[in-house]
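A.B. asks: Need coordinates for the below:
(one chain, ligands or ions: 2)
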Amino acid sequence: MLSFDEMQLKLRGSISPHRYAHSLGVMETAVKLAKIYGANVEKCRIAGLLHDCAKGMSTDEMLSAIQKGGIELYDGEEAHPQLLHAPAGVYVAKSEYGVADEEILSAIRSHTVAGKNMSLIDAIINVSDFIEPGRRSFEGLQEVRALAEKDIFAALEECKRLTKEYCLKNGQSVFSI
Ligand SMILES: [Fe+2]
Ligand SMILES: [Fe+2]
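C.D. replies: Ligands and ions are numbered 1, 2, ... in the order given. Predicted coordinates for the structure are as follows:
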C-alpha cells in the first residue's frame, strides 16, 4: 500500500482540483465521525480520501477497470454512468494505491449506492460524502449534519431520502438496490 502522503500526491494528480478539495473534506468529516462512533480512524481516513479516486476516468475506462477487477455490478447499475466511479474506484484503489483492506474497499464500492447491509464504515463514508464542509448548501443539509453526529444510520437513511427527492425533482432516474 502507498504511504498516506503518496496517496494524496497521486490522487491530486488524477482528479480535478475541485474534486480533490471535496475528497479532503470527505476525509476530514469521516475522521471526525469515526472518532464519535469508535470506528477505525485510519480506515475511514483512507476510504474518505480515495472514495472518488476513479472520478477522472471516462465511462469506457471505468467499464474496463470494472471488468479487469472482476467487480460485480448490480442489476441495472451499468445504465447509470455517474455511479460507475464507485465500482471502478475499487479496482483503482487496489491496483494503483495498493489498498487490500476489504472494509476500505467496501466503503468505496458502496458510496454511490447505499445497500441494505451497510457497515459502520460504509455508512460513515456515504454520509461524509453528503455532508462534507465544501458541499453547497441545500435544504435539509444542516439537519443531516446534526443527525450525523447523533445517529449515523438514521443520517444515512436521510441522505438516501434527500438524494431520491433531488433526483425526482430534477428528472433524474433513481437507482437503488
Ligand atoms: Fe463519488
Ligand atoms: Fe464524493
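
A.B. asks: Enumerate the residues of the protein near ligand 2.
C.D. replies: Proximity of the chain to ligand 2, by C-beta under 5 Å from the ion, involves residues D52, D129. (Each C-beta comes from the backbone N, C-alpha and C, glycine too.)

A.B. asks: quick one, helices of the chain?
C.D. replies: 4-12, 17-37, 41-50, 59-68, 85-97, 102-109, 120-131, 141-148, 152-169 (DSSP state H).

A.B. asks: which one of those helices is the most hemmed in?
C.D. replies: Sort the helices of the chain by mean neighbour count, taking mean count of other C-beta atoms under 10 Å, and helix 120-131 sits at the top with a mean of 25.

A.B. asks: send the alpha carbons of that one over as PDB?
C.D. replies: What follows is helix 120-131, C-alpha atoms only, in PDB (Å, rounded to 0.1, in the frame of the first residue of the first chain):
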ATOM      1  CA  LEU A 120     -20.400   1.400  10.100                       C
ATOM      2  CA  ILE A 121     -17.500   2.500   7.900                       C
ATOM      3  CA  ASP A 122     -19.700   2.200   4.800                       C
ATOM      4  CA  ALA A 123     -22.300   4.500   6.500                       C
ATOM      5  CA  ILE A 124     -19.600   7.000   7.600                       C
ATOM      6  CA  ILE A 125     -18.200   7.400   4.100                       C
ATOM      7  CA  ASN A 126     -21.600   7.600   2.500                       C
ATOM      8  CA  VAL A 127     -22.800  10.300   4.900                       C
ATOM      9  CA  SER A 128     -19.400  12.200   4.900                       C
ATOM     10  CA  ASP A 129     -19.700  12.400   1.100                       C
ATOM     11  CA  PHE A 130     -23.000  14.100   1.500                       C
ATOM     12  CA  ILE A 131     -22.200  16.500   4.300                       C
END
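
A.B. asks: Please name the spatially closest residue to the residue nearest the centre of the chain (chain neighbours excluded).
C.D. replies: Central residue of the chain (C-alpha atoms, centre = their mean): H111, 3.5 Å from the mean position. Spatially, and ignoring its direct neighbours in sequence, H111 is nearest to H51 (4.9 Å; C-beta to C-beta, 6 or more residues apart in numbering).

A.B. asks: residues near that neighbour, how many?
C.D. replies: By other C-beta atoms under 10 Å, the residues close to H51 number 29.

A.B. asks: is it true that it touches D129?
C.D. replies: Yes. In this structure, H51 is within contact of D129 by C-beta atoms under 8 Å, at 6.4 Å.

A.B. asks: any shared contact partners between the two?
C.D. replies: V26, H111 (C-beta atoms under 8 Å, 6 or more residues apart in numbering).

A.B. asks: Quick one: residues contacting M27.
C.D. replies: So M27 contacts R45, G48, L49, S128 (C-beta under 8 Å, 6+ apart).
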